[in-house]
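Participant: need a 3D model of the following:
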Amino acid sequence: MTYSLDFRLRVLSVKKKKNLSFAETADLFGVGVTSLVRWVKKPEPQTHRHKPATKLNMDALKEDIQLYPDAYQYERAERLGVSSMGIWHALKRLNVTYKKNAQTSQGRSRKACYFLSSVNIG
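Facilitator: Alright, predicted model coming up:
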């Protein structure tokens, strides 16, 4: 949870004026001791994460979802050259979920596709 800058500065000023320890100040204001230590070093809240851009091309993932709607995540990961957890996080960012509906589940449609492809007609 991010606390505002004015709250952080107020907490630090009370700590300094009353000569309280980190633990006493944390108990007084209901915040963590580690948060107080961090605020002493840098009182401003962090505005962005230092995380590298994802290797996964989101447009390629959208196209893969349209081409292979019943594919498992590990299959998508192999096709796109990323980890299955990377696929999971990307699907979460795209708000793509796999939930059963009244018509058919993902597992049944997969079995139906496999069954129809293994039958020789003719």
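
Participant: quick one: the closest residue to Leu36 other than its chain neighbours and Val31, what's the gap?
Facilitator: Counting by CB to CB, 6 or more residues apart in numbering, the nearest residue to Leu36 once its immediate chain neighbours are dropped is Phe22, at 5.0 Å. Glycine gets a C-beta too; all of them are placed from N, C-alpha and C. Note on Phe22: its distance to Val31, by CB to CB, to the nearest Å, is 10 Å.

Participant: same check, this time on Arg49
Facilitator: Distance from Arg49 to Val31, by CB to CB: 21 Å.

Participant: kindly report the same for Leu91.
Facilitator: 35 Å.

Participant: okay, now the unreliable bits of the protein?
Facilitator: Of all residues in the chain, those with pLDDT under 70 make up the ranges 1, 53, 98-122.

Participant: 80 instead?
Facilitator: 1, 46-54, 97-122 (pLDDT under 80).

Participant: tell me the centre residue of it?
Facilitator: His89 (5.6 Å; CA atoms, centre = their mean).

Participant: contacting residues for that residue?
Facilitator: Taking CB atoms under 8 Å, 6 or more residues apart in numbering, we find His89 in contact with Thr54.

Participant: same question for Thr54.
Facilitator: Shown in contact with Thr54 (CB under 8 Å, 6+ apart): 86, 89-90.

Participant: can you tell me which of those is nearest Val14?
Facilitator: His89 (40.1 Å; CB to CB).

Participant: the helix or strand the closest one falls within: how far from the chain's middle?
Facilitator: Assigned by DSSP states H and E, His89 falls within helix 84-93. Centre-to-centre, helix 84-93 and its host chain are 8 Å apart (CA atoms, centre = their mean, to the nearest Å).
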